[in-house]
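Asks: Give me the fold of what follows.
(4 chains)
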Number of protein chains: 2
Amino acid sequence: MPDPMSEHRKITMADVAQLAGVSPMTVSRALKPGTSVNAATREKIRAAADQLGYVVDLTAAAFSSRRSGFVAMTIPSINNANFADTARGLTEGLQESGLELMLGYTDYDVAEEERLVEAFLRRRPEAIVVTGGAHTERCRALLRGAAVPVVETWDLPRFPIDRVVGFSNAEAGARIARHLFDQGHRRIGFIGGNGARDTRGADRQRGFLQALAALGLPDDRQVTDLDPPITMREGARALERLLGRWPDTTAIMCVSDLSAFGAMNAALRRGLRVPQDLAVAGFGAYDVAEHAMPEITTIDAQAHRVGHEAARVILAALADPAARPETINLEISLLARASTATDQGAGNV
Amino acid sequence: MPDPMSEHRKITMADVAQLAGVSPMTVSRALKPGTSVNAATREKIRAAADQLGYVVDLTAAAFSSRRSGFVAMTIPSINNANFADTARGLTEGLQESGLELMLGYTDYDVAEEERLVEAFLRRRPEAIVVTGGAHTERCRALLRGAAVPVVETWDLPRFPIDRVVGFSNAEAGARIARHLFDQGHRRIGFIGGNGARDTRGADRQRGFLQALAALGLPDDRQVTDLDPPITMREGARALERLLGRWPDTTAIMCVSDLSAFGAMNAALRRGLRVPQDLAVAGFGAYDVAEHAMPEITTIDAQAHRVGHEAARVILAALADPAARPETINLEISLLARASTATDQGAGNV
DNA sequence: TATCTTATTGTTATCGATAACACTGGCAAG
DNA sequence: CTTGCCAGTGTTATCGATAACAATAAGATA
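Replies: Alright, predicted model coming up:
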């Protein structure tokens, strides 16, 4: 046994217990909220812990209690306001319970997602949140076998793994298509990404094009071979290609507000007026869409609320593991703005 | 001992060992790269693990080996492209070493940072990365006492805790001030946030105003009582206030590109021309600055490289804990663009 | 051939906290 | 006065993997 007075030995609960004159078990209880310990004893233990600079070793606690105390979440891109909002909502929703959030990003790559999910599972999270409903077969198996609540978000998978908190991306696309139609447009294009990587974007595209077809409009005006994430730059380039091929296009939807912003500014630089010569719509209700000039029409998918609901679903699942898995279908809303307005007021030139 | 064939018992290394006909220790080695195990044995063990659906329990491994295998990082805001880039750079830099990144955000609040750092330390990270050099006293003590490498980033603290990877925010501000001066501006304003919360922004402001004073210009045109994070909306509102108070201002710097974008569009909506009536500069080299119309002059602080260097510094520190702590001072660069150009070409209206 | 390496595998003793259960004394109810 | 309950605390066993060391076999070297 090492010398208890040795300077280079890690401080453990036993040290605190000895100093406070109680058993290690009492220290364990005293440092955890919601346990029955005499107030005076608890204070004495707190003081002893502070004096020694003791910090609980959750590594040992997690091992011993078989509760890791965290929830894992994978998102496609760390640099995306929508997913960031969802992560924030999830963190907030978990706050009360003491669960922490561990975040990882997949770069819109299901293989990377599989790698990440496996790495997470090794750490025994108490629940796991993934983005979307498209995964590798092995990833699905891993999630199924994990024996913890799984929440798929931002989507409504046809065959959910477990819990779902999402909305219909297809409906989002369709909503924009009908809006552009209502504004009088008949030659409408779409800018988006490689559907194999961003299946949610592909769903919006599908919904959009099906709605166009249902309205009797051509649905072939697409530039959708870009690699996610579709940034402003991709949006700008795609617009050039789209107008090069179909110069008489009068309106476009972009897979997200970021690409919509890039496309809109590319159009403006070409000397086109928005919305008079070209109407532009996006998705996601990003800040940039609200502050752009003109303001960009978009769909609000309540990213923050997705996170909040996911937290609620997780806590419910942990409270009653036998409960039937919930599927939460959130409402989306169209934010019609100047970039697709027909009767232009003054102010935007 | 529970029935080894029981369905509801967790699968452990011992189960895999038994199935493969080896000792648990050999299983442990076989599932870890870079260990000496016979190729055939390793394959046999892999197969056994797959058959049982076994996933290593890092919770136990971390406890046993006293190596948690992850690096903790706190950033002020999850929804910020700059910090996201740094996090990405760090992840990439750590990839080879097998270390994972655990991310938390402080919401620009040192008290929250303290809480977060303490929560991280409980999990025994192998290194910890924080943003900036301003912390609560207790937070500094916690970091000092953690006995792991600490990297402060995005700043050059006067009294570093340990390692540093940053740049001079004051120099960034000064660089913009001199640029605006060179473009002929003499009545120059600043839009920023509450310095107590965003000390890096405050440093940029300080450098900016000191440079103005050094150039013999007035340095009182400021709107800096906003609460971080300073979004596009705050930028727009601040511009109204700034122009309300000092209507003859001809140029402004904003604490970040996001607020610069908001301010610029607010100016455009007022009917001002940018840059002819008002020049606008930001900070951070965000996408939106590059794609805005006109493009916004900014400072590139190499956010991604900050993360990369931090990873390098951490790996060096772990390889040789006795080494003298490094301080990496990264170069920043001015990206002069249309929003502050004096002789306007065609194209931007 | 004898000795020395080296690669591979096994054995034993932990790591630090907590679950589960046992125990104590004080107080309320009968 | 006795019983039962409960808050508060202690005791014991254990979670699953790995470090450290030991042992073995196969091949290399003198």
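Asks: backbone phi and psi for the residue in the stretch 151-300 of chain A that DNA strand D sits nearest to, please?
Replies: Relative to DNA strand D, the nearest point of the stretch 151-300 of chain A is residue A:162 (22.5 Å; CB to the nearest atom of the strand). Glycine gets a C-beta too; all of them are placed from N, C-alpha and C. Dihedral pair for residue A:162: phi -160, psi -110, per degrees, to the nearest 10.
Asks: likewise residue A:166?
Replies: According to degrees, to the nearest 10, residue A:166 has phi -160, psi -160.
Asks: tally of neighbours for it?
Replies: Neighbourhood size, residue A:166 [other CB atoms under 10 Å in any protein chain shown]: 25.
Asks: tell me which residues form a beta bridge with it?
Replies: residue A:329 (DSSP bridges).
Asks: Quick check, it in contact with residue A:154.
Replies: Yes: at 5.5 Å, residue A:166 counts as touching residue A:154 under the criterion of CB atoms under 8 Å.
Asks: can you map out the helices along the stretch 1-150 of chain A?
Replies: Applying DSSP state H, counting those that start in this stretch to the stretch 1-150 of chain A gives helices spanning A:13-20, A:24-30, A:39-52, A:58-65, A:81-95, A:110-122, A:137-145.
Asks: quick revisit: got any residues that touch both of residue A:166 and residue A:154?
Replies: Shared contacts of residue A:166 and residue A:154, defined by CB atoms under 8 Å, 6 or more residues apart in numbering or on different chains, are found at residue A:306.
Asks: any idea how far the most centrally placed residue in chain A lies from residue B:226?
Replies: Geometric centre of chain A, nearest residue: residue A:83, 3.2 Å, by CA atoms, centre = their mean. According to CB to CB, to the nearest Å, residue A:83 stands 25 Å off from residue B:226.
Asks: swap in residue A:21?
Replies: 52 Å.
Asks: Tell me which of these two has more neighbours.
Replies: residue B:226 (23 against 11).
Asks: these two touch, right, the more buried one and residue B:197?
Replies: No: applying CB under 8 Å, one finds residue B:226 not in contact with residue B:197, separated by 9.6 Å.
Asks: Might you enumerate the residues of the stretch 1-150 of chain A proximal to DNA strand C?
Replies: Residues of the stretch 1-150 of chain A lying near DNA strand C by CB under 7 Å from any atom of the strand: A:10, A:12-14, A:24-25, A:28, A:31-32, A:56-57, A:60-61, A:63-65, A:67.
Asks: which ones among those come in contact with DNA strand D?
Replies: Near DNA strand D, by the rule CB under 7 Å from any atom of the strand, you find A:24-25, A:63-64 out of those.
Asks: Output those as a markdown table; include the columns pLDDT and neighbour count.
Replies: Converted to a markdown table, those look like this (pLDDT from 0 to 100; neighbours: other CB atoms under 10 Å in any protein chain shown):
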| residue | pLDDT | neighbour count |
| --- | --- | --- |
| A:24 | 94 | 14 |
| A:25 | 94 | 10 |
| A:63 | 96 | 20 |
| A:64 | 95 | 13 |
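Asks: Need the max-distance pair from those.
Replies: A:25 and A:63 (16.5 Å; CB to CB).
Asks: ok, residue A:119 - contacts?
Replies: Here residue A:119 is in contact with A:104, B:100 (CB under 8 Å, 6+ apart).
Asks: and if you look at the one 4 residues further on?
Replies: Taking CB under 8 Å, 6+ apart as the definition of contact, the neighbours of residue A:123 are A:68, A:70, A:72, A:102, B:58-59.
Asks: Could you rerun that using 7 Å?
Replies: A:68, B:58-59 (CB atoms under 7 Å, 6 or more residues apart in numbering or on different chains).
Asks: Output the set of residues of the stretch 101-250 of chain A in proximity to chain B.
Replies: When proximity is defined by CB under 7 Å from any CB of the partner chain, the stretch 101-250 of chain A lies next to chain B at A:102-103, A:119, A:121-124, A:145, A:231-232, A:236.
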